[in-house]
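Trainee: quick one: sequence plus predicted model below, questions after.
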Amino acid sequence: MSNGRIIGKGQPSYIIAEIGINHNGSLEIAKKLIDEAVAAKADAVKFQKRTPEICVPKDQWEMMRDTPWGRMSYIDYKRKTEFGIAEYAAIDRYCKKVGIDWFVSTWDVPSVDFMEQFETVMYKLASASLTDFPLIQRILETGKPLMLSTGMSTMNEIENTMAFVNAFAPNYPLFIAHSTSAYPCPPQELNLRMIQTLEDKYKGIPIGYSGHETGLATTVAAVAMGATFVERHFTLDRAMWGSDHAASVEPQGLSRLVRDIRDAEIAAGDGVKKVYESELGPMKRLRVNISDEYKEKSIS
């Protein structure tokens, strides 16, 4: 990654603040979110890039929707919230200035072509795109690392996508994110043990977690269970207008999440039993001394 971070076993978890479309089409909000991610000590921010004319089904174009900009067609609303060259150029400059990685989920081939104007650290493939082989092929052609998200997918679909990647570009730099695509996701559907399942199946590939739950504890648990990277949706205010805000964490929550993940990583230790210096005082005060005579009787 551009900040010198390595994603993988034995490294601190790479923490991604998923801004997505929570900027609501405002560059000012996007910059505030970047500032808050930096303050929380996240490693990266992520956005989403779509071509509305491709990603919005034609039969939904003229459906009317109430928005902060008034009542408008769904296609016009999606165009309103989509950043273009000016906004992403400003984001690129800003992230470099404040020292945080950035990248996007691309939802269609022209969006990959568009993003190739920028030196982002990787591409993310959203769960909804896991079976979109033309899109995957276009990303592979860039040579940039690819993060695959596996929500709403069967194991067979994951295997088919991995087979396609390996056939088209053997030994390609990949990351796989376990995910459940419910917004918000109830704890009983998080299935965090899938992190270990994917790790066992795809040895050598960093496995992470993309969470859509409302709390923080389960994301920390994902790291404790082996996630080498985590991603959470991020917003300035969960009450803001828009589809993803309710399943996002706010700045204070992101700061706590990063802090708790780092504490969990430190607490994991090395697995070698030792007596710490901090234990010597309590040991001297509390441990019962067994007399030599009793020791001898016990041995005999």
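Mentor: Structure received. Just so it is clear, the structure is predicted and the values come from calculations on it, not from any experiment.

Trainee: switch to C-alpha atoms for all contacts and neighbour counts from now on
Mentor: Fine.

Trainee: what about V121, helix or strand, and which?
Mentor: Assigned by DSSP states H and E, V121 belongs to no helix or strand.

Trainee: surely it meets F103?
Mentor: Yes: here V121 reaches F103: they are 6.1 Å apart, a contact under C-alpha atoms under 8 Å.

Trainee: domains of the chain?
Mentor: Using the TED database, the domains assigned to the chain come out as 14-269, 274-299.

Trainee: pick the most buried one from those domains.
Mentor: domain 14-269 (a mean of 18; mean count of other C-alpha atoms under 10 Å).

Trainee: which residues does the most centrally placed residue in the chain contact?
Mentor: When C-alpha atoms, centre = their mean is applied to the chain, the residue found nearest the centroid is E231 (1.8 Å). E231 is in contact with I15, I16, A17, E18, Y209, S210, G211, counting by C-alpha atoms under 8 Å, 6 or more residues apart in numbering.

Trainee: among these, which are in strands?
Mentor: The strands, defined by DSSP state E, take in I15, I16, A17, E18, Y209, S210, G211 from the contacts of E231.

Trainee: same list (those) but as CSV, adding distance to E250 and pLDDT.
Mentor: Below are the ones in strands among the contacts of E231 laid out as CSV (distance: C-alpha to C-alpha, whole Å; pLDDT from 0 to 100):
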residue, distance to E250, pLDDT
I15, 15, 98
I16, 14, 98
A17, 10, 98
E18, 11, 96
Y209, 19, 98
S210, 16, 97
G211, 14, 95
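
Trainee: from those, pick the one nearest P186.
Mentor: G211 (10.6 Å; C-alpha to C-alpha).

Trainee: any idea what that closest one is bridged to?
Mentor: Beta bridges link G211 to R232 when assigned by DSSP bridges.

Trainee: start to end distance for stretch 180-196?
Mentor: 15 Å (C-alpha to C-alpha, to the nearest Å).

Trainee: contact partners of that stretch?
Mentor: 127, 150-152, 178-179, 207-214, 218, 222, 225-227, 244, 246-247.

Trainee: so which of those are in strands?
Mentor: H178, S179, I207, G208, Y209, S210, G211.

Trainee: looks like the third one contacts D200 (just checking).
Mentor: Which is I207. No: using C-alpha under 8 Å, I207 is not in contact with D200, being 9.9 Å away.

Trainee: looking at the helix or strand where A37 lies now, give me its mean pLDDT.
Mentor: Secondary structure from DSSP H and E places A37 in helix 27-39. Mean pLDDT, helix 27-39: 97.

Trainee: quick revisit: got the ones in strands among the contacts of stretch 180-196 as JSON lines, with distance to A42 columns?
Mentor: JSON lines is the format used below for these (distance: C-alpha to C-alpha, whole Å):
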{"residue": "H178", "distance to A42": "19"}
{"residue": "S179", "distance to A42": "20"}
{"residue": "I207", "distance to A42": "18"}
{"residue": "G208", "distance to A42": "15"}
{"residue": "Y209", "distance to A42": "15"}
{"residue": "S210", "distance to A42": "14"}
{"residue": "G211", "distance to A42": "15"}
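
Trainee: closest to F168 out of these?
Mentor: I207 (21.0 Å).

Trainee: tell me who's in contact with the closest one.
Mentor: I207 neighbours (C-alpha under 8 Å, 6+ apart): G8, F175, I176, A177, H178, I195, L198, E199, G226, A227, T228, F229.

Trainee: tell me the secondary structure for the third one?
Mentor: In the three-state summary, I176 is assigned as strand, counting by DSSP: H, G, I helix; E, B strand; the rest coil.

Trainee: could you measure from it over to M194?
Mentor: Taken as C-alpha to C-alpha, the span from I176 to M194 is 11 Å.
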